[in-house]
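Visitor: Sequence and predicted model, in that order:
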Amino acid sequence: MDIKSVPQDESSTYANNKKAIYAVDEDGKVKVATSSGWEAEETATKEALYDLQARAKDAYELVKNGQKSPLYFHMYDVRMDLQVLSESTGFFKWTIKRDFKPEKFAKISLKRLKIYADAMGRDINELQQLPKEES
């Protein structure tokens, strides 16, 4: 992208910040330029956030009904999915899916809970229960 063409659409998803991107200057050299975002990226980001919010809402109901463990809700509530949680914890996806079962989650070790809690930026007690109201 030409450095003069770097979008400056003041994206709300940037929260008044700038993003560094690479662009080509007048001399043909690649340089770092700043962008305040562009509309297409903002739209895609908002759609992804809406999807995660919908998944968190659905997860809340599944946990509330005893079909999934609180871990399932918290994963979506912190804007993660199974892949990201797996990469953040170092746990295999199949073992995380097992921990989504309430009866299995109730028996996991404190060490394992701590790893989940650290990855999600939550404390263990918070992770073990569903919040009173959906966040």
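Guide: It's in.
Visitor: end to end, how far does stretch 15-32 reach?
Guide: By Cα to Cα, to the nearest Å, the extent of stretch 15-32 from end to end equals 20 Å.
Visitor: Please point out which parts of it sit buried.
Guide: Neighbour counts over stretch 15-32 (16 or more other Cβ atoms under 10 Å) mark 19, 23 as buried. C-beta coordinates here come from the backbone N, C-alpha and C atoms, glycine included.
Visitor: For stretch 41-57, list every residue counted as buried.
Guide: Here stretch 41-57 shows 41-42, 52, 55-56 as buried, counting by 16+ other Cβ under 10 Å.
Visitor: Please save the CA atoms from that stretch in PDB.
Guide: This file holds the C-alpha atoms of stretch 41-57, laid out as PDB (Å, rounded to 0.1, in the frame of the first residue of the first chain):
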ATOM      1  CA  GLU A  41     -11.800  -3.500   9.200                       C
ATOM      2  CA  GLU A  42     -14.200  -1.800  11.600                       C
ATOM      3  CA  THR A  43     -17.200  -3.600  10.200                       C
ATOM      4  CA  ALA A  44     -15.400  -7.000  10.300                       C
ATOM      5  CA  THR A  45     -14.300  -6.300  13.900                       C
ATOM      6  CA  LYS A  46     -17.700  -5.400  15.100                       C
ATOM      7  CA  GLU A  47     -19.300  -8.400  13.400                       C
ATOM      8  CA  ALA A  48     -16.800 -10.700  15.200                       C
ATOM      9  CA  LEU A  49     -17.500  -9.000  18.500                       C
ATOM     10  CA  TYR A  50     -21.300  -9.400  18.000                       C
ATOM     11  CA  ASP A  51     -20.800 -13.100  17.200                       C
ATOM     12  CA  LEU A  52     -18.700 -13.600  20.400                       C
ATOM     13  CA  GLN A  53     -21.400 -11.700  22.500                       C
ATOM     14  CA  ALA A  54     -24.100 -14.000  21.000                       C
ATOM     15  CA  ARG A  55     -22.000 -17.000  21.800                       C
ATOM     16  CA  ALA A  56     -21.500 -15.800  25.400                       C
ATOM     17  CA  LYS A  57     -25.200 -15.300  25.700                       C
END
